[in-house]
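1. coords please:
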Amino acid sequence: MSDTTISYRATLAVPKTKGVLALGVLSRLPAGLVPFVVLISFTQHHGIGIAGLASGAMLLAIAVPGPARARWCTARGPGGVVLMALACVVLFAIAAAMTGYRFWQVPLVITTAAGALFPPLTPSLRAIWSRLMPNKQHLQSIHALDSITEELTFVATPLLGTAAMALADSRWVTGIGAFLLLPAALGLAAVLRTLPTDEHDAAEHGDKAESTVRRRSLIRTRDGQGITVPIIVLGLCGGGLSVIIPAATEDFTNVISSGYSFAAFSLGGAVGGLLYGRKKWTASLRHRYAIATASLAIGALLLATLSASPLTIVAVFCVGLPMTPIFVISYLLVDERIDTTRHAEANAWLGSGYNLGSGAGSMLGGQLLALTGPRLVAITLAAIAALATLTAHRLPNKPSPDRESQAAGVPPEAGNLSSETP
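-> Residues are numbered from 1 along each chain as shown. Predicted coordinates for the structure are as follows:
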């Protein structure tokens, strides 16, 4: 399906690329560090039961209003991101200072409020790539690199949090982790102000940003559903794996060794992303999305077959292989099919969709596993992934005329004169 390779080095040579990648690492450090430290801090002061409530409430507060926060920041420009980050940092600092108080409900509510104001740094950064990378092959490569960097960052943050809490009180670490949002938001604002503005985009959308972001939710559109549903199902599979792996591992060895399978899942995602991102694919994004989602279903079926043997780790690796390609293709579909003024909102839907799917997969998978076993849970995930494949296949064959014309770099009224496709 490919006819040539794309050099990652050439992609990194595009101006500002390395700086934005570094800014992405800075932005994701608090996103990975704060939830982990909040969980540990509440556990130390109030026990694991209360910690679970606080962590769950905060994560839901971050995920559910994510698209709305992105729309709000898009309407108000770079200053909106900085303002939201400042409010979030203040609330997290107050919550951290009050975590040791007897009445745990107060810091829990404040922590939840801080989560609801978590700035949309990652969705905004994802939207920047479309403006920095007019070449679609470089855009594919940078999304692959960015996704792999994101995954490695989230692997590192628990280690950093553990080391920091060995040196300082967990409440201080919470405040420091939250404070990292400010330089990340300021850096994002600075990058946004230096990016060139496309003349057509400015004429068509620049004076209408407020009205644009108030249109109906993207999840109610055919493109929005077709792009988001496979990501939600990917989250369901990831959450389901979090209960399948320990249960399957315990059947033939010590449950502690399940860590190797979790690592294999992440390794599969990294390998799949590296292989996908450097190829020039001839199939349409729609077909690639359906194939990648179908691969997820096949991997889940393989896991069901091997879930009671030492080869579970191989099956988990295969489930992880399409993970990063699914993310990369979803970002490319956003660039291809979603209006440029709504890219941050669309990317926020992807992040929130995965997180909500992951939480649901863990909870529902755990209940189903207790009643049956890991094999039936894996078969259920495979069936859901198969349905998501049909959803991806239902995407329109081509983007709307306006988006296709913008991708080709011509005004909408001249779109029928260009044969270039994204």
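2. How is this structure divided into domains?
-> For the chain, the structural domains run 1-196, 218-417, going by automatic domain parsing.
3. Make CSV from the ones you listed and add mean pLDDT to it.
-> Below are the domains of the chain laid out as CSV (pLDDT from 0 to 100):
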stretch, mean pLDDT
domain 1-196, 87
domain 218-417, 82
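4. Switch those over to TSV; also include mean neighbour count.
-> The way it works is simple: take the backbone N, C-alpha and C, and place the C-beta from them, glycine included. Converted to TSV, the domains of the chain look like this (neighbours: other Cβ atoms under 10 Å):
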stretch	mean neighbour count
domain 1-196	19
domain 218-417	20
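5. Quick one: the helices in the stretch 301-422 of the chain, in order.
-> 312-320, 323-337, 343-371, 374-393, 401-408 (DSSP state H, counting those that start in this stretch).
6. Distance to V243 for the ones you listed - can I get that in a markdown table?
-> As requested, the helices of the stretch 301-422 of the chain are exported to a markdown table (distance: least, Cβ to Cβ, whole Å):
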| stretch | distance to V243 |
| --- | --- |
| helix 312-320 | 13 |
| helix 323-337 | 18 |
| helix 343-371 | 5 |
| helix 374-393 | 7 |
| helix 401-408 | 40 |
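7. mind checking which of those is nearest A166?
-> Closest approach to A166 among the helices of the stretch 301-422 of the chain (Cβ to Cβ): helix 343-371, 28.0 Å.
8. Between helix 374-393 and that closest one, find me the angle.
-> 150 degrees (axes from the mean of the first three to the mean of the last three Cα atoms, to 10 degrees).
9. could you say what helices and strands helix 343-371 packs with?
-> helix 48-63, helix 66-76, helix 121-132, helix 222-250, helix 323-337, helix 374-393 (3 or more Cβ pairs under 8 Å, 6 or more residues apart in numbering; DSSP states H and E).
10. May I see the ones you listed organised as CSV, with distance to F36 added?
-> Formatted as CSV, the helices and strands packed on helix 343-371 follow (distance: least, Cβ to Cβ, whole Å):
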stretch, distance to F36
helix 48-63, 9
helix 66-76, 19
helix 121-132, 17
helix 222-250, 15
helix 323-337, 21
helix 374-393, 26
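11. Nearest to T99, out of the ones you listed?
-> Minimum separation from T99 across these (Cβ to Cβ) falls at helix 48-63, 8.9 Å.
12. How far off centre is the closest one?
-> 19 Å (Cα atoms, centre = their mean, to the nearest Å).
13. Which elements pack onto that helix?
-> helix 17-46, helix 105-116, helix 343-371.
14. can you tell which of these is closest to D223?
-> helix 343-371 (9.0 Å).
15. What is the distance between whichever helix in the chain runs longest and the centre of its chain?
-> Assignment by DSSP state H gives helix 136-167 as the longest helix of the chain. Relative to its chain's centre, helix 136-167 lies at 11 Å (Cα atoms, centre = their mean).
16. before we move on, what about stretch 99-110?
-> Per Cα atoms, centre = their mean, the centroid offset for stretch 99-110 relative to its chain is 29 Å.
17. got the end-to-end distance for that stretch?
-> 10 Å (Cα to Cα, to the nearest Å).
18. hmm, who's touching that stretch?
-> 41-42, 45-46, 50, 53-54, 57, 91, 94-96, 98, 170-171, 174 (Cβ atoms under 8 Å, 6 or more residues apart in numbering).
19. now swap in stretch 281-292 and tell me
-> 1-3, 140, 226-227, 230, 322, 325-326, 329-330, 332-333, 336, 389, 392-393, 395-397, 422.
20. and that stretch, C-alpha only, in PDB?
-> Extracted in PDB, the C-alpha atoms of stretch 281-292 (Å, rounded to 0.1, in the frame of the first residue of the first chain):
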ATOM      1  CA  TRP A 281       0.200   5.500   1.600                       C
ATOM      2  CA  THR A 282      -1.900   5.400  -1.600                       C
ATOM      3  CA  ALA A 283      -5.200   4.400   0.100                       C
ATOM      4  CA  SER A 284      -7.600   7.200   1.200                       C
ATOM      5  CA  LEU A 285      -7.700   8.200   4.900                       C
ATOM      6  CA  ARG A 286     -11.200   6.700   5.200                       C
ATOM      7  CA  HIS A 287     -10.000   3.300   4.000                       C
ATOM      8  CA  ARG A 288      -6.900   3.400   6.200                       C
ATOM      9  CA  TYR A 289      -9.100   4.300   9.200                       C
ATOM     10  CA  ALA A 290     -11.400   1.400   8.600                       C
ATOM     11  CA  ILE A 291      -8.500  -1.000   8.100                       C
ATOM     12  CA  ALA A 292      -6.700   0.200  11.300                       C
END
